[in-house]
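*Asks:* Kindly generate the corresponding structure for this input.
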Amino acid sequence: MPFQPVTAVVTGAQSGIGRATALTLAEAGLDVGITWFDDEAAARRTADDITALGRRVAVARLDTGAPETCAAVVEELAAELGGLHVFVNNAGTGQATPFLEMGLGEWRRIVAVDLDGAFACVQAAARLVVAAGAGGRIVAVTSVHEHQPRVGASAYDAAKAGLGALVKTAALELASHGITVNSVAPGEIATAMNKMEGVDPHGLHRPGIPLGRPGDPREVAAVIAFLASPAAGYVTGASYAVDGGMLQMGPQGGSHLTSDDWRQG
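*Replies:* Now for the predicted structure:
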């Protein structure tokens with residue numbers, strides 16, 4: 001039987017990339033379970049929009065900073081939806097503390113939220129999909145910093161790089177169960193974490209990004225939706241950068257550049 005997803009769970013769907021992904025999957029005909037961390041009202045707005053698209057929705061609070069609680073939340077949402085075919089691990093947090101100033105407590109918090117909790121969620125989802133025996137899709141939202149570091153983001157960089165490696169290992173181990181596992185690595189996206197929620201990125205200029213602007217959450221969601229679809233059946237263990245070409249800048253710079261002089265060679 002060809003893979004035909006019917007249900008999905010998207011973590012961190014109260015806003016930004018998670019919200020855009022949940023709505024995009026609902027538009028594609030999936031019933032969607034969503035999680036929120038600190039803004040239930042925003043999550044309920046996402047849920048209402050999913051319902052308006054004619055799809056069923058389930059809502060639960062998830063704190064990936066408490067990894068031991070994560071599996072139960074994923075299982076609860078899957079049970080409410082009647083199964084699980086697609087899991088999108090999007091929940092996470094950022095960091096802007098210089099390496100020499102970071103305390104062990106903050107380090108552990110970032111790694112717990114962005115890596116330990118992700119492991120617990122992905123493992124729980126994978127176990128459900130394996131038990132159902134019909135194949136599935138797992139997508140983790142990492143960051144361009146899965147691939148390249150950023151000053152002041154040591155814990156975040158380490159966690160996202162670790163999550164990228166986890167995705168690759170899970171892709172190998174889950175392939176025999178008909179499950180693909182991939183990551184999407186966003187660059188600068190107009191989200192709350194970047195203090196740009198609700199901002200039209202097309203009106204912002206970024207000299208250090210080849211496409212010249214930040215990304216829209218819906219542009220990331222479109223790539224996630226592809227990886228969650230039947231069309232992506234031969235894609236696994238991959239990391240898709242959705243960054244306007246920023247990673248291609250290499251030693252020329254990145255999103256922090258304030259001039260277009262680099263374009264002149």
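
*Asks:* Quickly note the distance from Leu30 to Ala231.
*Replies:* Separation of Leu30 from Ala231 (Cβ to Cβ, to the nearest Å) stands at 14 Å. Yep, even glycine has a C-beta here, placed from its N, CA and C like the rest.

*Asks:* Looking at the two, which one has more neighbours?
*Replies:* Neighbour count, other Cβ atoms under 10 Å: between Leu30 and Ala231, Leu30 has more, with 26 against 11.

*Asks:* I figured that one was touching Gln4, is that so?
*Replies:* No. Counting by Cβ atoms under 8 Å, Leu30 stays clear of Gln4, with 10.2 Å between them.

*Asks:* residue ranges of the strands in this protein, please?
*Replies:* Per DSSP state E, the chain carries strands over the ranges 7-10, 31-36, 57-61, 86-89, 136-141, 179-186, 239-242.

*Asks:* Sketch out the low-pLDDT regions of this structure for me.
*Replies:* Filtered on pLDDT under 70, the chain yields the residue ranges 1, 251, 254-255, 265.

*Asks:* Helices of that one, start to end?
*Replies:* Assigned by DSSP state H, the chain shows helices spanning 16-27, 40-52, 70-81, 104-111, 117-132, 154-174, 217-227.

*Asks:* Can you tell me the centre-most residue of the chain?
*Replies:* Val141 (2.5 Å; Cα atoms, centre = their mean).

*Asks:* Leaving out sequence neighbours, find the closest residue to that one.
*Replies:* Asn90 (4.4 Å; Cβ to Cβ, 6 or more residues apart in numbering).

*Asks:* Confirm for me that the one you found is in contact with Ala13.
*Replies:* Yes. Between Asn90 and Ala13 there is a contact at 7.0 Å, judged by Cβ under 8 Å.

*Asks:* Comparing these two, which residue is more hemmed in?
*Replies:* Ala13 (31 against 27).

*Asks:* can you tell me which residues contact the more buried one?
*Replies:* Arg19, Thr21, Ala22, Val32, Ile34, Thr35, Trp36, Ala43, Thr46, Asn90 (Cβ atoms under 8 Å, 6 or more residues apart in numbering).
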